[in-house]
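**Student:** Have a look; sequence and predicted model below, questions after that.
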Amino acid sequence: MSREHLFTKVDLGAGLTLNNRLIMAPLTRSMADDELVPTEDMATYYARRSDTGLIITEATQISKGAQGYPNTPGLYTEEQIDGWKNVTQRVHQNGGKIFAQLWHTGRVSHEVFRGEQPIAPSAIGINGTVPRSRDLTYGVPRAMNAEDIEQVIADFASSAANAKKAGFDGVEIHAANGYLIDQFLHYTANQREDDWGGTPENMSRFLFAIIEAVKPHIQQVGVRLSPAAYFNIEHDARDVAVFDYVLPKLNALELSYVHTGMFEDDPIDYLGGTVTQYIRRHYHGTVIASGGYSPESAGKAVVRGDADLIAIGRPIIANPDYVEKVRTQGPLVEYDESMLLELV
Ligand SMILES: Cc1cc2nc3c(=O)[nH]c(=O)nc-3n(C[C@H](O)[C@H](O)[C@H](O)COP(=O)(O)O)c2cc1C
């Protein structure tokens, strides 16, 4: 049995200890109110999952311009901070821990949300339409100028300060899944010829500037990365060199963890293993695996040493009592997309 290995405490440093190794993955639910304020139902939904070692919230906008989907929550107005305060209090009352996932969607957006053309490292668009808004087609973004870059870095910092005010235990910088920071890290989205593109050092400058700007505002800072482009972005063989450069550099930054951003964490030839194994080879701090893990495969990944913590997404939507079911080996309800229509 490898499941028992999931039920040991993990020290994230600076006084934060997690009760077990099962993490609630960030899961967009598009159920904030029209001012993008977290609702009472969201507080109940998160509070029910407080027995996970750590909750990472659904991706949360750092500014109005960061939004790319309907009714995703923000963390840049007083009302949003108060809404999140309610969530963090409810989770803490139940003995849980919670980080806010801080997000800018970049080119995966539409002017309907931003009030103006989306921004990205380069003027290269993606195909398709905005989910849950089928008539909105993605367009070509505007390449960010120096002022835009400075503004987004400052917005990450102020939303981290807001996360602290709202009572979060830490933040996760969302640098995965094809959103703005990830767009800087991949050649197909970043074709800049200035200090922010063209080489691994330049392409990762934005990520490191954000980490540096966020850290003074909140002690616990994790980072989610997608070395294998798989969502909203195309892979380029040169990308591996970018992540070969980024991961060792993260070792010096005293982060809470590095978290795999992947839907199915299967072996990938050019990474020499799963994304999580690749991260582990280069990054020596706490690693969170994610992508298709069952209680059994999660336990095995911990025993093998691939990861310290395992983030569970879809099964935790389907099973609010996931941790208890894993502990008692109770039957798990299978996830179905129709479950996204309601917060339970
Ligand atoms: C409905 C849904 C919403 C998601 N929203 C986010 C998100 O807001 N931020 C993020 O980093 N990943 C998001 N993901 C990815 C998950 O965090 C997770 O990596 C993925 O579901 C794979 O894990 P699983 O197989 O345990 O579900 C989402 C996935 C799903 C299914």
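**Tutor:** It's in.
**Student:** How about the contacts made by residue 282?
**Tutor:** If you count contacts by C-beta atoms under 8 Å, 6 or more residues apart in numbering, residue 282 has them with 243-244, 247-248. Using the backbone N, CA and C atoms, a C-beta is placed for each residue, glycine as well.
**Student:** What's the PyMOL line that selects buried ones from those residues?
**Tutor:** Selecting only the buried entries of the contacts of residue 282 in PyMOL, with 16 or more other C-beta atoms under 10 Å as the criterion:
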select buried, resi 243+247
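**Student:** now, among the contacts of residue 282, which is nearest to residue 309?
**Tutor:** residue 247 (17.0 Å; C-beta to C-beta).
**Student:** quick check, the closest one in a helix?
**Tutor:** Yes - Residue 247 sits within a helix when classified using DSSP: H, G, I helix; E, B strand; the rest coil.
**Student:** rewinding a little: for the contacts of residue 282, give me TSV that also has distance to the ligand and pLDDT.
**Tutor:** Formatted as TSV, these follow (distance: C-beta to the nearest ligand atom, whole Å; pLDDT from 0 to 100):
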residue	distance to the ligand	pLDDT
243	17	98
244	22	98
247	18	98
248	23	98
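**Student:** pLDDT on the helix ranked longest in the chain, on average?
**Tutor:** Under DSSP state H, the helix in the chain containing the largest number of residues is helix 146-165. Average pLDDT, helix 146-165: 98.
**Student:** Over to stretch 46-57?
**Tutor:** Per-residue scores along stretch 46-57 average to 98.
**Student:** Can you measure across that stretch, start residue to end residue?
**Tutor:** From its first residue to its last, stretch 46-57 covers 8 Å (C-alpha to C-alpha, to the nearest Å).
**Student:** ok, now stretch 8-28?
**Tutor:** 28 Å.
**Student:** Show me which positions of it end up buried.
**Tutor:** 10, 12, 16, 18-28.
**Student:** what's the neighbour count on the residue lying closest to residue 123 once chain neighbours are set aside?
**Tutor:** Computed as C-beta to C-beta, 6 or more residues apart in numbering, the closest residue to residue 123 that is not its neighbour in sequence is residue 143, at 4.8 Å. For residue 143, the neighbour count with other C-beta atoms under 10 Å is 18.
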